[in-house]
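# can't give you the sequence, but here's the structure:
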């Protein structure tokens with residue numbers, strides 16, 4: 001309890017719930033009431049009384065407390081007399097108490113009777129002095145801080161908004177300030193003011209800046225953003241150039257030497273004929289380049305199993321994951337995948353093979369899971385058990401199983417210690433095996 005004054009609103013609310021659940025002895029509560037009445041109560045007494053299940057004690061604590069957080073805590077009280085007094089104290093403390101109360105407003109707004117404080121704090125944010133707002137924007141409670149910026153960002157000067165949009169530690173605050181900066185630039189008919197957002201670390205803001213400048217007739221940022229590291233910015237740049245009558249793919253074809261970003265862009269905007277230029281990059285020394293080439297070859301319609309299967313066993317997990325995505329609809333032959341799944345292969349290669357074996361067919365999926373369940377020490381053992389449970393829960397009723405000639409009885413026997421006899425019985429039924 002001694003540490004509570006230094007903690008955030010969530011801790012206070014949790015403390016309130018815990019204290020309210022305690023049935024204090026009547027004599028102890030009576031002694032607490034006397035200390036509150038005669039002025040000898042300690043801060044700990046006031047805090048305990050403010051959370052006591054006896055409404056008279058909560059009201060008495062409010063009458064002598066000078067801590068606005070206690071008033072905030074009781075502003076959503078279920079007893080009207082306590083609630084009204086707490087709200088009077090909160091209203092008197094605002095807006096100067098905003099830094100202490102924004103966290104409570106955020107934490108209580110969805111509770112019964114908790115909306116009042118959120119409304120009061122929001123209203124106070126529009127009238128508070130600059131130094132109070134600065135302190136409220138610096139609170140440690142991340143969600144409360146976002147609430148403050150969402151209410152007050154429009155009042156900040158454009159240079160400060162641009163600075164916060166580029167440098168703030170919280171992505172949500174960067175987005176709030178960036179959106180406010182874009183609105184301010186449009187209102188001032190000064191689209192060029194958003195140039196600093198072209199180098200923001202948040203991709204959505206870079207995309208918005210490219211779009212805003214392109215609408216104003218400046219296509220140079222769009223041309224530069226064609227090779228941005230994120231797809232949303234590239235897509236925005238590509239759309240801007242298309243509106244101007246230019247072909248984005250032509251820009252990508254001119255990039256020499258190619259970069260992972262230009263290869264990705266060519267995959268997004270090129271044609272089947274561009275695959276010949278991209279295919280050699282599947283063997284590039286840089287993993288990022290190989291990963292981009294896998295995506296591009298797939299997007300251009302040339303990602304056949306013969307071409308991409310070996311990328312499943314690429315030394316880079318990133319490349320292997322991209323190959324899984326490209327091959328999910330047309331996986332390589334099952335023997336190849338079972339070889340990649342073999343114990344001793346790198347974990348990311350086995351994971352890639354397992355993903356495609358699961359996607360091949362219901363029978364292949366079960367066969368693979370049962371093989372893995374035979375060895376409790378296999379790193380994929382847990383994933384296989386979860387997958388069997390998922391299949392029984394949501395896939396078995398509609399699956400058309402063609403068991404083939406796999407040794408199902410032996411596989412089920414090996415998996416029985418993990419699955420248990422009941423799940424084995426259900427699997428035998430679905431496989432059409434005699435009991």
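That came through, no problem. Fair warning: this is a prediction, and the values are worked out from it, not measured in the lab.
# For the rest of this, base every contact and every neighbour count on C-alpha atoms.
Fine.
# Tell me which helix or strand residue 275 sits in.
helix 275-278 (DSSP states H and E).
# do the same with residue 53
Taking DSSP H and E as the criterion, no element holds residue 53; it sits outside all helices and strands.
# contact partners of the helix holding residue 275?
263, 293, 296, 297, 300, 302 (CA atoms under 8 Å, 6 or more residues apart in numbering).
# Just send the residues you listed back as JSON lines, with pLDDT, secondary structure and neighbour count too.
JSON lines is the format used below for the contacts of helix 275-278 (pLDDT from 0 to 100; DSSP: H, G, I helix; E, B strand; the rest coil; neighbours: other CA atoms under 10 Å):
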{"residue": "263", "pLDDT": "98", "secondary structure": "helix", "neighbour count": "27"}
{"residue": "293", "pLDDT": "98", "secondary structure": "helix", "neighbour count": "31"}
{"residue": "296", "pLDDT": "98", "secondary structure": "helix", "neighbour count": "29"}
{"residue": "297", "pLDDT": "97", "secondary structure": "helix", "neighbour count": "28"}
{"residue": "300", "pLDDT": "97", "secondary structure": "coil", "neighbour count": "20"}
{"residue": "302", "pLDDT": "93", "secondary structure": "coil", "neighbour count": "19"}
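# from these, which is closest to residue 166?
In terms of CA to CA, no member of those lies closer to residue 166 than residue 263, at 27.5 Å.
# From the opening residue of stretch 210-222 to its closing one, how far?
Stretch 210-222 has an end-to-end distance of 6 Å (criterion: CA to CA, to the nearest Å).
# Not counting its neighbours along the chain, what's nearest residue 193?
Among residues not flanking residue 193 along the chain, residue 185 sits closest, at 6.2 Å (CA to CA, 6 or more residues apart in numbering).
# gap between the helix or strand that the one you found is a member of and the chain center?
Assessed by DSSP H and E, residue 185 sits inside helix 171-187. Put simply, helix 171-187 sits 21 Å off its chain's centre (CA atoms, centre = their mean, to the nearest Å).
# circling back: can you give me the buried ones in the helix holding residue 275?
275, 278 (16 or more other CA atoms under 10 Å).
# Give the rounded mean pLDDT of it.
Averaged over helix 275-278, pLDDT sits at 96.
# Apart from its neighbours in sequence, what residue is nearest residue 57?
residue 49 (5.3 Å).
# How many residues are close by the one you found?
Residue 49 is flanked by 26 other residues according to other CA atoms under 10 Å.
# Repeat that for residue 199.
Neighbours of residue 199 (other CA under 10 Å): 12.
# Distance of it relative to residue 85?
50 Å.
# now swap in residue 218 and tell me
Distance from residue 218 to residue 85, by CA to CA: 58 Å.
# Let me see the ranges of the helices in the stretch 151-300 of the chain.
Taking DSSP state H, counting those that start in this stretch as the test, the helices found in the stretch 151-300 of the chain are 158-167, 171-187, 203-215, 220-225, 231-243, 248-253, 260-269, 275-278, 287-299.
# looking at the ones you listed, which is closest to residue 77?
Going by CA to CA, the one of the helices of the stretch 151-300 of the chain nearest residue 77 is helix 171-187, 31.2 Å.
# Which strands or helices does the closest one pack on?
Packing partners of helix 171-187 (3 or more CA pairs under 8 Å, 6 or more residues apart in numbering; DSSP states H and E): helix 142-152, helix 158-167, helix 203-215.
# what angle separates it from helix 142-152?
10 degrees (axes from the mean of the first three to the mean of the last three CA atoms, to 10 degrees).
# residues of helix 171-187 that come out buried?
Residues of helix 171-187 classed as buried by neighbour count (16+ other CA under 10 Å): 172-185.
# low-confidence ranges in this protein?
Where the chain drops to pLDDT under 70, the residues are 1-3, 397-405, 434-435.
# hmm, who's touching the helix holding residue 185?
Here helix 171-187 makes contact (CA under 8 Å, 6+ apart) with 146, 149-150, 153-154, 158, 161-162, 164-168, 191-194, 197, 202, 204-205, 209.
# Could you list the domains of the protein?
1-152, 156-246, 361-435 (automatic domain parsing).
# Take those and write them to JSON lines, including distance to residue 346.
Shown next, in JSON lines, are the domains of the chain (distance: least, CA to CA, whole Å):
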{"stretch": "domain 1-152", "distance to residue 346": "40"}
{"stretch": "domain 156-246", "distance to residue 346": "28"}
{"stretch": "domain 361-435", "distance to residue 346": "11"}
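# Which of the ones you listed sits closest to residue 321?
It's domain 361-435; of the domains of the chain, that one is closest to residue 321 (CA to CA) at 16.4 Å.
# Centre of the chain to that closest one, how far?
Worked out by CA atoms, centre = their mean, domain 361-435 lies 33 Å from the chain centre.
# Was I right to think residue 191 contacts residue 214?
No: counting by CA atoms under 8 Å, residue 191 does not reach residue 214; the two are 9.5 Å apart.
# Name the residues of stretch 301-313 that are buried.
Burial within stretch 301-313, assessed by neighbour count using 16+ other CA under 10 Å, is assigned to 302, 303, 305, 308, 309, 311, 312, 313.
# likewise stretch 87-95?
87, 89, 90, 91, 93, 94, 95.
# and what of stretch 383-400?
383, 384, 385, 387, 388, 391, 392, 396.
# Leaving out the residues flanking it, which one is nearest to the last one?
For residue 396, the nearest residue in space outside its immediate sequence neighbours is residue 430; the separation is 7.5 Å by CA to CA, 6+ apart.
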